[in-house]
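In: pasted the sequence and its predicted model underneath.
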2 protein chains.
Amino acid sequence: MNSLVGILGGMGPGATVDAMQKLIKNTPAYRDQDHIPMIAVSIPDIPDRTQCILQHSASPLKKMLQYMKILENAGAECIIIPCNTAHYWFNELKQQCSVEMISIIDVTCQAIREAKTTRVGLLATTATVKARIYQDNLAADHIHCDIPDEADQQQVMESIYAYKSGDITGAHRLLSPVKDRLLQAGVTKIILGCTELPLILEKEAKTSPQHYIDATEALIKKTVEWYFTHSPKKPIAA
Amino acid sequence: MNSLVGILGGMGPGATVDAMQKLIKNTPAYRDQDHIPMIAVSIPDIPDRTQCILQHSASPLKKMLQYMKILENAGAECIIIPCNTAHYWFNELKQQCSVEMISIIDVTCQAIREAKTTRVGLLATTATVKARIYQDNLAADHIHCDIPDEADQQQVMESIYAYKSGDITGAHRLLSPVKDRLLQAGVTKIILGCTELPLILEKEAKTSPQHYIDATEALIKKTVEWYFTHSPKKPIAA
């Protein structure tokens, strides 16, 4: 078997499937056997990340560590987490992980730098915004990060929870005017900094890709790159 | 954690993601934590199932057993395989599996019996057709199974390989006339008996659901039923 990619998922399950779908789409393949080997753990009983950061409720760290170990024991050689907010605990996870991990925050910020954008908008959970996960990473490069005002941010959060509850239309209705206001305010690109957001704004991201940086897509592109660096010339078939 | 569903996937990777997506859609859930815990192993170096059955090339059994053990070791309590052709080896896998397994063939045939259909059409890999995986299961109930003629069957196979190679438009162009001819011949319902087929005929299955029995959907519905029988009143949240 070639290098195995581990996906620590379930945050949420739809975002996990989106990451897997993007891994498939970003892999040059002509048959099943050409695809990247992956194992995904999507056990969604991990406590809510946003509630923990903002309200100090139960921490998700213990369960994330437990499910990360499943991936390591199964032979994963590189672990990714398709959830931006979970990256609040990224360093703690990395410290206890014996294999490589790719940070969705680092690769997304790198994509922003490469796009030479100096003013971006951030759509993310209230926890990701308040913990300044993106802003602090970008500040070093003097990239300004516009965030929605308090009422709009509340609407972003409601949109994310609506999507998680299966109300896709409601999620879009809540999010759409917020992204319009960010663009009207003059940001060049909007970071879709929560893995539910590329699903809610799927149509917009397709028709106006120049306006969005999809964090999931950035994570997956780096993962494909990692894979081909680590399994360059091994035979593909069994 | 509630009962964990294991998905022995990678045959192909797109079909694995489709099964996961259908598991999410078929689960009543209002938040991440309500969803069914799952672990998916999608390691696609498993030798081609159709080629093995028809041309006696390398058997996929050894790798399927190896990856099934990853699921068992991770704590899966019920294992499903979103690949019809792989069910040629279902009994051998089941004999070496220490947890429950649900057969996609059994649940699809059960769905056909429940629909009181007496004449169905079968779209599947040439191996699934020639090994009579569906026909023999249905014959006991006097349900006749129409299969495409040899030229059409060849076209079905080409369509499946086209989809696996990423050529979705080509796959649809090849498959569409074959399903038309089956329907014109008078079958009431067509079994989408290869997990790539619901993806190739996604639009048709949505607009004319009365004409199709999606084997993946049948498998997932039974899996959801299994889950709620085995995790009925356990608390959902951590």
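Out: Ah, there it is. These figures come from a predicted structure and were not determined experimentally. Numbering: from 1, shown residues only, chains lettered A, B, ... in the order given.

In: how about the helices in chain A?
Out: Counting by DSSP state H, one finds helices in chain A at the ranges A:13-25, A:49-55, A:61-73, A:90-95, A:104-114, A:126-130, A:133-139, A:150-164, A:168-184, A:197-200, A:202-207, A:215-230.

In: what about the closest residue to A:T126 other than its chain neighbours, neighbour count?
Out: Spatial nearest neighbour of A:T126, excluding adjacent residues (CB to CB, 6 or more residues apart in numbering or on different chains): A:M157 at 5.0 Å. C-betas here are computed from N, CA, C, even on glycine. Residues near A:M157, counting by other CB atoms under 10 Å in any protein chain shown, number 20.

In: tell me how far A:M157 lies from chain B.
Out: Counting by CB to the nearest CB, to the nearest Å, the gap from A:M157 to chain B is 13 Å.

In: check A:Q135 too.
Out: For A:Q135 relative to chain B (CB to the nearest CB), the value is 25 Å.

In: ok, that residue touching A:L122?
Out: Yes. If you go by CB atoms under 8 Å, A:Q135 and A:L122 touch, sitting 7.3 Å apart.

In: so what sits against both of these two?
Out: By CB atoms under 8 Å, 6 or more residues apart in numbering or on different chains, A:Q135 and A:L122 have these common neighbours: A:145, A:147.

In: these two: who's more crowded?
Out: Higher neighbour count among A:Q135 and A:L122: A:L122, with 25 against 18, using other CB under 10 Å.

In: beta partners of that one?
Out: A:I191 (DSSP bridges).

In: for it, what are its contacts?
Out: Applying CB under 8 Å, 6+ apart, the residues near A:L122 are A:128-129, A:134-135, A:145-147, A:190-191, A:193.

In: thinking again about what came up before, tell me which of the helices of chain A lies nearest to B:R49.
Out: Judged by CB to CB, the one of the helices of chain A that comes nearest to B:R49 is helix A:13-25, at 18.9 Å.

In: tell me what angle the closest one forms with helix B:13-25.
Out: Relative orientation of helix A:13-25 and helix B:13-25, computed by axes from the mean of the first three to the mean of the last three CA atoms, to 10 degrees: 170 degrees.

In: show me what helix A:13-25 is packed against.
Out: strand A:5-8, strand A:38-42, helix A:197-200, helix A:215-230, helix B:13-25, strand B:38-42 (3 or more CB pairs under 8 Å, 6 or more residues apart in numbering or on different chains; DSSP states H and E).

In: distance to A:K116 added to these, as CSV?
Out: Compiled in CSV, these are given as follows (distance: least, CB to CB, whole Å):
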stretch, distance to A:K116
strand A:5-8, 30
strand A:38-42, 32
helix A:197-200, 22
helix A:215-230, 16
helix B:13-25, 34
strand B:38-42, 36
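
In: and the ones you listed as CSV, adding mean pLDDT?
Out: Shown next, in CSV, are the helices and strands packed on helix A:13-25 (pLDDT from 0 to 100):
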stretch, mean pLDDT
strand A:5-8, 98
strand A:38-42, 98
helix A:197-200, 98
helix A:215-230, 97
helix B:13-25, 97
strand B:38-42, 98
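
In: which stretches of chain A have low pLDDT?
Out: A:1, A:232-238 (pLDDT under 70).

In: care to break it down by domain?
Out: A:5-103+A:218-230, A:105-215 (the TED database).

In: coming back round to it: the helices and strands packed on helix A:13-25: which one's closest to A:A74?
Out: With CB to CB as the measure, strand A:38-42 is the member of these nearest A:A74 (5.2 Å).

In: how far does that closest one sit from the chain's center?
Out: Its chain's average C-alpha position is 15 Å from that of strand A:38-42, according to CA atoms, centre = their mean, to the nearest Å.

In: what comes into contact with it?
Out: By CB under 8 Å, 6+ apart, the residues outside strand A:38-42 that reach it are A:4-10, A:13, A:16-17, A:20, A:23, A:67, A:70-71, A:74-76, B:13, B:20, B:35, B:37-43, B:70, B:74.
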